[in-house]
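Participant: Whatever this is, show me its structure:
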Amino acid sequence: MGVLGTTTPFSHAVRPVQLAGFMNAPSSMRLLIALVLGWLIPGAGHFLYGRKAKAIYFGVLIILAFVSGMWLGEGCVVHSVKFGLYLIAQIWVGGPTLLALDLTQYERITRDIPYLDVGLLFTAVAGLLNIVVLVDLYETHLRDRDAAKERGALA
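Facilitator: Numbering: from 1, shown residues only. Take a look at the predicted model:
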């Protein structure tokens, strides 16, 4: 609606963005989509469940830890052969790790990097933090499901 109660050509574009059918999907499918998206983009799963503050907090925290680690390690900390053990933790950051892996897979370390170990630690901790965030997302799903069951029983 326009200012004077008239319909404008773009009044439909002001509605909030909603994922088509996400909330109508079966509970297990909603959880799976949220977990995969939360792995790919840290915090995105919480955003799907309407927990926007948590999503922003977790997303910024994890991405900042990962980017700080990449900066400290001068972009050489995500490598499948040289640092394969760290990659097990780093891969849980999802999209940023896949991007870094693709961009640095052929890079050779030919110089001494003073903060390489700290960078490895930051990126690995970012991955482990995302595991904790995904577990929180799962528990959020269980709480929401149980609350919905109780509302259904009371009605």
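Participant: which residues touch the residue nearest the centre of the chain?
Facilitator: In the chain, the centroid-proximal residue (Cα atoms, centre = their mean) is residue 42; its distance is 1.4 Å. Taking Cβ atoms under 8 Å, 6 or more residues apart in numbering as the contact definition, residue 42 lies against 58-59, 62-63, 93-94, 96, 126, 130, 133. Yep, even glycine has a C-beta here, placed from its N, CA and C like the rest.
Participant: what do you get for residue 98?
Facilitator: residue 91.
Participant: Could you look up the SS state of it?
Facilitator: Here residue 98 is helix, with the state taken from DSSP: H, G, I helix; E, B strand; the rest coil.
Participant: Report the separation between it and residue 45.
Facilitator: Noted for residue 98: a distance of 17 Å to residue 45, by Cβ to Cβ, to the nearest Å.
Participant: just the helices in this structure please.
Facilitator: For the chain, the helices defined by DSSP state H cover 27-40, 44-48, 52-72, 84-90, 95-104, 116-154.
Participant: Nearest to residue 78, out of the ones you listed?
Facilitator: helix 95-104 (4.1 Å; Cβ to Cβ).
Participant: Thanks a lot, catch you later.
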